[in-house]
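*Asks:* please find the sequence and the predicted model below.
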Amino acid sequence: MLSPPAARGGGETTVASIAIAGGRRTGGGAWLRRRNDVWLAVAMGGVVALLMLALPMEAALASSVVGAFVIVTLVDTRVAVLALVLVRSSIDITHTVPLVSASGGADVNAAAMMSFLVIGVGLAHIALNRVEVGRMPLVKPFAAFLLIAALGVAIAPDTNRALQDWLRTAGAFTLYILVVDLMRSRDDWRWLVRVMLASSVLPLTVGIYQFFTDTGNHETEGFNRIVGTFTHPSPYAFYLVQLLPIAVVFFWHTQSRLARLVLMAVLPAMIFSIYATQTRGAWLGLAVVVIVFLIARARWALFLVPLVAAALFFAMPSVQQRFSEATTETGSVMWRQRQWSAAIQLASPAQLATIGRGLGTVDFELGTLAHNEYVRLIVETGALGLLAVLLLYQHLYRLAMKGYREAPPGYERDLMLAFLMAFASRTVIAMSDNIIIFPVLEWYFWSFAAVIVVMSGAYRHRGVHEEPEPAETPALAA
């Protein structure tokens with residue numbers, strides 16, 4: 001249930017806590033909080049039930065999702081954020097089912113609904129708790145990028161698409177703020193790490209089922225590329241590459257026998273699934289993860305990387321086929337070069353030098369993604385947008401490196417290293433694939449980045465400005 005600020009490590013205010021603020025200083029304050037939370041939940045549940053009975057099925061489903069989330073938020077915002085992170089990896093499987101139809105062909109599915117929810121909760125949390133967002137690390141370059149991208153919405157070839165892409169990025173930004181401010185104690189961010197790992201269970205299960213039943217993605221001729229609960233093999237593979245270092249660190253340090261047993265199944269499933277997606281960019285990202293680890297802990301073993309890579313190449317025909325196809329005249333390497341050249345021509349020199357042509361331009365004009373985040377950024381957000389992202393990455397790298405060097409040996413230091421491994425693979429993968437454009441990848445990356453910010457001590461939390469206790473008079477003392 002909702003706890004008083006002193007017990008919550010800094011003072012989170014929710015709608016329920018405002019409603020019962022008068023009971024904080026009474027002996028029955030805890031009872032009042034529990035009673036108010038129950039009645040708020042019951043009232044919201046009744047409203048949701050009425051909406052489900054009165055509205056069409058799709059709108060009723062949307063109302064039930066929002067209502068359930070609001071109920072959880074009223075009780076504890078931390079639990080609501082953890083719930084969002086837990087289910088986000090499995091939501092894209094419903095991308096073809098619109099919950100609400102809007103004008104201009106802009107249907108709102110469950111993934112978009114989650115972005116709206118996290119933005120709404122974030123704004124309410126910031127306002128109620130008077131969060132000083134400007135003090136948070138990384139906020140200024142991130143906000144600068146959002147501002148530049150917002151300016152480009154008006155000139156984008158598809159305004160609805162540009163606005164949707166902007167809201168997705170804003171959702172990731174809001175989630176970062178929420179995690180930094182809410183995950184205040186060691187137990188808080190450790191729970192978030194557990195939830196991030198737990199989010200992989202359903203996608204892994206579905207992906208392995210797709211492999212053995214030959215029900216994956218068959219757009220690449222001759223391959224059954226598993227997608228898990230994602231919309232395409234590539235983002236699914238990048239998601240697993242991002243989580244794999246966390247899983248290894250958690251397995252190494254956990255004291256729970258049950259957690260070790262589960263991870264003994266999850267870790268091989270992750271590695272196998274990265275292979276089964278048949279995504280070359282993910283394979284390259286996995287190699288970067290290994291290289292960063294060896295540089296940090298065992299430089300003498302770096303010579304083994306090309307040897308192992310060569311052994312895997314010659315031992316696995318599908319790997320040979322994927323890389324052989326890429327280097328032909330009609331392969332993906334030449335196709336990407338043509339795609340990048342065509343993308344650059346979509347924006348004028350003035351747009352390239354300033355704010356770009358607007359989010360969603362490359363996919364709208366060329367009918368497919370850029371397959372290079374840096375090219376896409378300079379086309380859609382211009383040199384200013386790309387510069388903001390590079391500054392954001394620079395600040396994040398410095399913060400993570402500082403945290404890694406200052407952290408004592410053990411779980412926290414290894415988790416810092418895991419983030420650096422995932423961060424390095426992300427920057428390399430972005431040279432030939434799409435990363436930022438997938439909100440599901442952004443949610444987990446920036447949640448992890450927020451954990452690193454909290455662990456490093458770069459952001460000091462401040463409690464809510466509550467009214468001071470009245471001074472005790474001699475009469476009251478007597």
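*Replies:* Sure thing, it's come through.
*Asks:* make it CA atoms for all contacts and neighbour counts henceforth
*Replies:* OK.
*Asks:* okay, helices next: where are they in the stretch 251-400 of the chain?
*Replies:* For the stretch 251-400 of the chain, applying DSSP state H, counting those that start in this stretch gives helices covering 257-276, 280-297, 304-315, 317-326, 332-344, 349-353, 361-366, 373-380, 382-406.
*Asks:* run through the chain and note the low-pLDDT ranges.
*Replies:* Residue ranges of the chain with pLDDT under 70: 1-75, 94-110, 462-478.
*Asks:* any idea how far His218 is from His371?
*Replies:* 19 Å (CA to CA, to the nearest Å).
*Asks:* more neighbours, those two?
*Replies:* Taking other CA atoms under 10 Å, His218 and His371 do not tie; His371 has more neighbours (20 against 12).
*Asks:* wait, that one touches Asp433, no?
*Replies:* Yes. Using CA atoms under 8 Å, His371 is in contact with Asp433, at 4.0 Å.
*Asks:* before we move on, back to that, now the helices of the stretch 251-400 of the chain as JSON lines including distance to Ala156?
*Replies:* What follows is those, written out as JSON lines (distance: least, CA to CA, whole Å):
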{"stretch": "helix 257-276", "distance to Ala156": "35"}
{"stretch": "helix 280-297", "distance to Ala156": "29"}
{"stretch": "helix 304-315", "distance to Ala156": "43"}
{"stretch": "helix 317-326", "distance to Ala156": "32"}
{"stretch": "helix 332-344", "distance to Ala156": "14"}
{"stretch": "helix 349-353", "distance to Ala156": "11"}
{"stretch": "helix 361-366", "distance to Ala156": "6"}
{"stretch": "helix 373-380", "distance to Ala156": "8"}
{"stretch": "helix 382-406", "distance to Ala156": "12"}
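*Asks:* out of those, deepest packed?
*Replies:* Among these, helix 373-380 has the highest mean neighbour count (mean count of other CA atoms under 10 Å), at a mean of 26.
*Asks:* what are the C-alpha coordinates of that one, in CSV please?
*Replies:* Output of helix 373-380 as CSV, limited to C-alpha atoms (Å, rounded to 0.1, in the frame of the first residue of the first chain):
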residue,chain,number,x,y,z
GLU,A,373,20.5,5.4,-37.1
TYR,A,374,23.0,8.1,-37.7
VAL,A,375,21.9,8.6,-41.3
ARG,A,376,18.3,8.6,-40.2
LEU,A,377,18.9,11.2,-37.5
ILE,A,378,20.7,13.6,-39.7
VAL,A,379,18.0,13.3,-42.4
GLU,A,380,15.0,13.5,-40.0
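*Asks:* so what's Gly152 up against?
*Replies:* With contacts defined as CA atoms under 8 Å, 6 or more residues apart in numbering, the neighbours of Gly152 are 355-359, 380-381.
*Asks:* now these in JSON lines, with distance to Ile226?
*Replies:* As requested, the contacts of Gly152 are arranged in JSON lines below (distance: CA to CA, whole Å):
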{"residue": "Ile355", "distance to Ile226": "37"}
{"residue": "Gly356", "distance to Ile226": "35"}
{"residue": "Arg357", "distance to Ile226": "34"}
{"residue": "Gly358", "distance to Ile226": "32"}
{"residue": "Leu359", "distance to Ile226": "29"}
{"residue": "Glu380", "distance to Ile226": "30"}
{"residue": "Thr381", "distance to Ile226": "32"}
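*Asks:* Arg398: what's it in contact with?
*Replies:* Arg398 neighbours (CA under 8 Å, 6+ apart): none.
*Asks:* what separation do you get for it and Leu294?
*Replies:* The gap separating Arg398 from Leu294 is 20 Å, by CA to CA.
*Asks:* what's the closest of the contacts of Gly152 to Phe230?
*Replies:* Of all the contacts of Gly152, Phe230 sits closest to Leu359, with 21.9 Å by CA to CA.
*Asks:* helix or strand: which one has the closest residue to that closest one other than its chain neighbours?
*Replies:* Distances taken as CA to CA, 6 or more residues apart in numbering place Ala162 nearest to Leu359, at 4.6 Å, with adjacent residues excluded. Ala162 belongs to helix 159-182 when assigned by DSSP states H and E.
*Asks:* buried stuff in the next helix or strand after that helix?
*Replies:* Once the chain leaves helix 159-182, the next helix or strand it forms, by DSSP H and E, is helix 186-198. Neighbour counts over helix 186-198 (16 or more other CA atoms under 10 Å) mark 188-189, 192-198 as buried.
*Asks:* then stretch 448-458?
*Replies:* Buried, per 16+ other CA under 10 Å, within stretch 448-458: 448-456, 458.
*Asks:* against Pro245, how distant is Met455?
*Replies:* Here Met455 is placed at a distance of 17 Å from Pro245 (CA to CA).
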